[in-house]
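Colleague: need the 3D shape of this:
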Amino acid sequence: MAQMPQTIDYSSNWQPGTYGLLANAVGPLAMPDHGSFAGIDFNSDLCGEGYLYPGICDTTPPAKTFDPCDDPGGCGLTHGLPFWTYVTEQCAPVGRSLAEAERRVRRRAMLRQSFMVERAFWGDDAASPGYLQQIGATPLTAEADLVLAMSALEQDAADNFGLPVMIHVRAGMASRLGAAGLIRPTTGPLFTWKGNKIIVGDGYAAVDEDGDPITPPADAMWATGPVSIWQGDLIVNEPRAGLNRTTNQLFMLAEQPWIIAHECYAATISVPGAP
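Modeller: From the prediction side, this is the model:
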């Protein structure tokens, strides 16, 4: 009689990558009391212009410009988009403890959160339509040459923001950027030679969960002002409450609220032929 494999409680302790959005954004910050339902609004300190003024005496000095705080293009009225992530498990409880089932779903939620947050930022499905599609980024003229595309993107950020930005690319773009010499060698996060941080998102997808193309094309690079992320508590159902004794199935659910916001600046450029 053949023996059945033994079921054990095991975790490889594999960790998420260090070049994605969650590892390089500001935060995760504590979720505001009601932020998970309608999001948040705040005025960014980074937005708005800086102006020059003559240093000579003048009996009729020129007027000074005041940036309106209720205008995203002024001093930065910024909206944070709320969404939820979740992981599940359905299994027969035979040979498994309820504590083990809860540990697994908590561990999976931690391991998948970076990917899920990136999907919500870049573009996903009707449940989370994607942050980039809603921010009105400036489209720059496409460049077939990757060096020229990065140059145009960074120059536009310098001209219109004047502070370091985050440059978001899909995973397949990282090798091309490295081969083109556009990534500055460091032992930590990835940077351009200008000093802008490069975010390589495993969750930056070309299609949604139904296989349909999403708005950010696969060959696009995006530059944004700093991205901030707020994270709520992970909510896990009590294992005994998820046990269906009629079907002998255990249903586990772990869900978590998030908010994403970027400050002030956004532009995108396409590089035809990119993965």
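
Colleague: lowest-scoring secondary structure element of this structure by mean pLDDT?
Modeller: strand 243-244 (a mean of 78; mean pLDDT, DSSP states H and E).

Colleague: doesn't residue 54 belong to a strand?
Modeller: No: assigned with DSSP: H, G, I helix; E, B strand; the rest coil, residue 54 falls outside any strand and is coil.

Colleague: elements contacting the least confident helix or strand of the chain?
Modeller: With contacts taken as 3 or more Cβ pairs under 8 Å, 6 or more residues apart in numbering; DSSP states H and E, strand 243-244 sits against strand 249-262. All C-beta spots, glycine's among them, are computed from the backbone N, C-alpha and C.

Colleague: need the CA coordinates for the helix or strand following the strand it packs on. PDB is fine.
Modeller: As assigned by DSSP states H and E, the chain's next helix or strand after strand 249-262 is strand 266-270. What follows is strand 266-270, C-alpha atoms only, in PDB (Å, rounded to 0.1, in the frame of the first residue of the first chain):
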ATOM      1  CA  ALA A 266       3.200  63.100 -13.700                       C
ATOM      2  CA  ALA A 267       4.400  62.500 -17.300                       C
ATOM      3  CA  THR A 268       4.800  59.400 -19.500                       C
ATOM      4  CA  ILE A 269       6.700  58.500 -22.600                       C
ATOM      5  CA  SER A 270       6.500  55.500 -24.800                       C
END
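
Colleague: which ones are touching the nearest residue to residue 176 once chain neighbours are set aside?
Modeller: Using Cβ to Cβ, 6 or more residues apart in numbering and skipping the chain neighbours, the partner closest in space to residue 176 is residue 146 (5.9 Å). Residues in contact with residue 146 (Cβ atoms under 8 Å, 6 or more residues apart in numbering) are 176-177, 180, 182, 271, 274.

Colleague: can we see that at 10 Å?
Modeller: 173, 176-177, 179-182, 221, 271, 273-274 (Cβ atoms under 10 Å, 6 or more residues apart in numbering).
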